[in-house]
Each structure stands twice: as C-alpha cells, then as structure tokens.
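>>> Here is a sequence with its predicted model. Questions after.
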Amino acid sequence: MSLRWKRVRLQEVLRRRPSDVRVEPAKMYQFAGVYSFGRGVFRGQRRIGSEFAYGSLTALHLGDFVYPKLMAWEGAFGVVQAECDGCVVSPEFPVFEPHVDRLDPKFLRFYFQRPKVWESISGKSIGTNVRRRRLHPTELLQHELPLPPLPEQRQIVARIEELAAKIEEARGLRRENAQEADILVNSKLRAFFRDAESNRIEFKSIGSFTTYDRYGPRFYNEAYSEEGIPILRATDIDDSGRVDYRFLPKMSVSSEEKDKLSLHVGDLVVVRSGSVGLSAVFNRTNFACIPAAYLIQFRFEKSIDPYYVRYCLQCPLVQDELRGRGTALKNINANKIKSVRIPFFPISEQRRIVSYLDSLQAKVDTLKRLQAETATELDALLPSVLDKAFKGEL
C-alpha cells in the first residue's frame, strides 16, 4: 500500500441497504448470486414468490456491494454490474451502497478480487466448520481499506482495466491458437482421405482385416481394489489415443479370466459410447490389462497396422459416419466399426503415414503444452497487477 493512502474502515464508505422488496406470492422475481473467488455477481434463477419463505428481499442497484454471509470465507464478494441491476437477493446477502463521493465502486470491486483480502476477512467469519462460517455485516464493516483520493482511485481503475484488457486479449489469442492446434491433425486426415479417393486408392472395410473382436466385460466400481489386474476404461483414453497405465484401477480375477480377457500387444480398443470412435492401441509388453465395458477390442491380421486404423477412425469424415452428422452422443457397435471403409495401402506405406502423423501430433502436443504454460502465466498476471495496484506501484 502506498504510504500516502489513508486506511479507512468500510463502515465509513459503505451504507447497508435495508430489504426493500415485499414478496408477493404470485409475482416473479429475478434473483442474483455471487461467485466465489472474487468473480463477481451473476444473474441466477427466476422464482415465483410462492416458492420461497422470505417475506422480503433486497433489490440490487448498479454499483452496490454484496456478499453471501455463508460464502465470504471463499471470496464471494462482488459489485453489481449492469446485467444484474434490478435483480434481488435474499436476506442472507447483505447489500451495501458505496459513498461514491469517497469510494469508486470499481476500485472496491478490484480490491475484493484479491485473495489476500478474503483471507484477512475470513478470519472474522463466525463458525467452527470452515464451510459453515458466516460473516456478519458488522464484522465486515470493521475491515480497513487503503483509500487514495477519488481521482487517484479512478486512475488506478483505468490502469487495471487497460492491463486486464490486454491480458484477456492474450487469452483470446491463446484460445484461438489452441483451437487451431486441435484441428491441425484432423484437417490433415480429412485431406488424406480425400486425396486417396481422388487418386483411386482402394478402400476396404476394417472388418476385412479383423481377426477377433469382443466387447469389454462390465465391471462395477465397488469391485475395484488396489490389487489384481489393471482395468482399462473408456475414460482412461485421451483425445490423442494415449493411456496413462500407471493409474488404472485394479480388480481381482481368476487366472482363466485373465487369460481370456487380457489385451494382446497391437489390439485396438475403441470407445463405443459417449466419445464414440475414440481409440487406443495397446502397446505394453509383459503387462496384463483387461478392457472394461464401453470398449470394443479388435485384433487384426498382419496386413494392417493398428495405429493406421486408429488414425483413420480419428478422421472427421469417419467420425461423421460413426455418429451421424449433427447427431448427439450415441452408441456404436462392433459391426458399425467393421463396416467403416479406409484407404488400403501396403503395410510399409501405412507405417510411413503413421510416422508422419505421429510427428505432427507430437508438434501439436508440444504447442498445446506451451500454450497451457502460457495460460497459467496469464492467470497469474491479473492477481499480480492487483497487488501492485493496491501497493501504489502501477
């Protein structure tokens, strides 16, 4: 905090507003709520007066400060923005009107976005259970706020808004780049299928290469344990066909079931419900693993590379065929998978295609990892800006 700034208690710059809306049973009311972690006020449900027991409510005005008594410990403080002007809150939400001749509501809003402020105030919350703590308005109003002169408050707000806009612009560019990275491999696959058609490459059904297929058996979560055979589930497969085998749940099965149900190296498992067509190739030697329900297991003859089949199933054209264009999530079966026709090349060419796509996917994964790291850095920027602002360092 700048040494030039005076510290004032909130009671000097906030006036609590009384409940001013008498509830009528037949009238509809637009409620508002307050997000945790300083994320502000939002429009909530519309409710008719006969649906709740409150006899009175408080109408929110633009610039009001509001919080829920029960969630103050989690940073649920906000200043009313235009979209919530006129909404109502229950008596569990104390509402305050700032003295705008001394305190800019935007300055107050940014101040209460700081975790340090929540931590300071939450210590005053009443209650032993952290999730049952309640902050009484008289306690809140004792909190001291560093308060520069009003013109300086407005300068600080303008500077924060300028920097916040640049941060959000950077976030937008990162999201656009992430979306472009996501579609890069798929666009190559689509072009690959269309080039194969244009060059009159023979297409064959996946079923013409299949030597074995089986649906994964159904297991129940309560049967999982820390010992036994790892169980591969649909949720363990990511969008790039990878599986982290370290964290698979386990289950005790007989030796006979283990021999009968375990995956073989090179088997392709395909998700048949929800994320239909998502697939992975089992590639672990000396590692017994059983596919669970919602997975279909395929084994192929040597003329087809299972990784090539997996990439073909990832192609948007094939995904449209499996799902039905414009159709919501649905189930597919083994016969549907086996009916899919894919370009057939000699095995050496299949492996060359797989190698190229693997290389492309690796570059995309690296780009997405760097973007995720950038996102983390961006998320940390605004709190840093706010800390500097309220130290008088902007």
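Perfect, I can see it now. Residues are numbered from 1 along each chain as shown.
>>> which residues of the stretch 151-300 of the chain fall in strands?
For the stretch 151-300 of the chain, applying DSSP state E, counting those that start in this stretch gives strands covering 203-205, 210-215, 229-232, 250-251, 268-271, 279-281, 290-291, 295-300.
>>> Among those strands, which one carries the weakest average confidence?
Mean pLDDT is lowest for strand 250-251 among those, at a mean of 86.
>>> what's that one packed up against?
Under the contact criterion of 3 or more C-beta pairs under 8 Å, 6 or more residues apart in numbering; DSSP states H and E, strand 250-251 touches strand 229-232. Any C-beta I mention is one placed from the backbone N, CA and C, and that applies to glycine too.
>>> okay, the strand it packs on in CSV with CA atoms only?
The C-alpha coordinates for strand 229-232 follow below in CSV (Å, rounded to 0.1, in the frame of the first residue of the first chain):
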residue,chain,number,x,y,z
ILE,A,229,-5.4,-56.9,-12.9
PRO,A,230,-5.5,-53.3,-14.3
ILE,A,231,-8.8,-52.4,-15.9
LEU,A,232,-8.7,-50.1,-18.9
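>>> sorry, back to before: tell me which of the strands of the stretch 151-300 of the chain approaches P149 most closely.
Between P149 and these, the shortest separation by C-beta to C-beta is 61.5 Å, and it involves strand 268-271.
>>> partners of the closest one in the sheet?
Applying DSSP bridges, strand 268-271 is found paired with strand 279-281 (antiparallel), strand 295-300 (antiparallel).
>>> Distance from that strand to the middle of the chain?
With C-alpha atoms, centre = their mean, to the nearest Å as the basis, strand 268-271 stands 25 Å off its chain's centre.
>>> So what touches it?
Outside strand 268-271, the residues within contact range by C-beta atoms under 8 Å, 6 or more residues apart in numbering are 216, 232, 234, 237, 263, 277-282, 291, 294-300, 306, 309-310, 313, 337.
>>> ok, now stretch 233-250?
By C-beta under 8 Å, 6+ apart, the surrounding residues in contact with stretch 233-250 are 221, 224-232, 269, 271-275, 278-281, 284, 287, 289, 292, 294-295, 310, 314, 361, 365.
>>> Packing partners of the helix or strand bottoming out on mean pLDDT in the chain?
Ranked by mean pLDDT, DSSP states H and E, the weakest helix or strand in the chain is helix 347-389, scoring a mean of 79. Where contact means 3+ C-beta pairs under 8 Å, 6+ apart, helix 347-389 is packed against helix 105-111, helix 150-198, helix 306-314.
>>> on that earlier part again, same list, the strands paired with strand 268-271, but as a markdown table with distance to R15 and mean neighbour count please.
A markdown table is the format used below for the strands paired with strand 268-271 (distance: least, C-beta to C-beta, whole Å; neighbours: other C-beta atoms under 10 Å):
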| stretch | distance to R15 | mean neighbour count |
| --- | --- | --- |
| strand 279-281 | 61 | 23 |
| strand 295-300 | 62 | 22 |
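>>> Make CSV from these and add distance to S19 to it.
Below are these laid out as CSV (distance: least, C-beta to C-beta, whole Å):
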stretch, distance to S19
strand 279-281, 58
strand 295-300, 56
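>>> Reformat the strands of the stretch 151-300 of the chain as a markdown table; add distance to F31.
Below are the strands of the stretch 151-300 of the chain laid out as a markdown table (distance: least, C-beta to C-beta, whole Å):
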| stretch | distance to F31 |
| --- | --- |
| strand 203-205 | 56 |
| strand 210-215 | 47 |
| strand 229-232 | 45 |
| strand 250-251 | 47 |
| strand 268-271 | 40 |
| strand 279-281 | 45 |
| strand 290-291 | 47 |
| strand 295-300 | 44 |
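>>> out of these, nearest to P25?
strand 268-271 (50.2 Å).
>>> can you list the domain ranges for the chain.
Annotated domains of the chain cover 6-148, 202-344 [automatic domain parsing].
>>> and the first one, how far from the chain's centre?
What separates the centre of domain 6-148 from the centre of its chain is 27 Å, taken as C-alpha atoms, centre = their mean.
>>> So, low pLDDT: which residues of the stretch 101-250 of the chain?
Within the stretch 101-250 of the chain, the stretches with pLDDT under 70 are 123-132, 174-175, 177-179, 181-182, 220-223.
>>> Recalculate using a threshold of 80.
For the stretch 101-250 of the chain, the stretches flagged by pLDDT under 80 are 122-133, 164, 167-183, 219-226.
>>> just to revisit the earlier point, out of the strands paired with strand 268-271, which comes closest to D20?
strand 295-300 (58.9 Å).
>>> Just want the angle from that closest one to strand 210-215.
170 degrees (axes from the mean of the first three to the mean of the last three C-alpha atoms, to 10 degrees).
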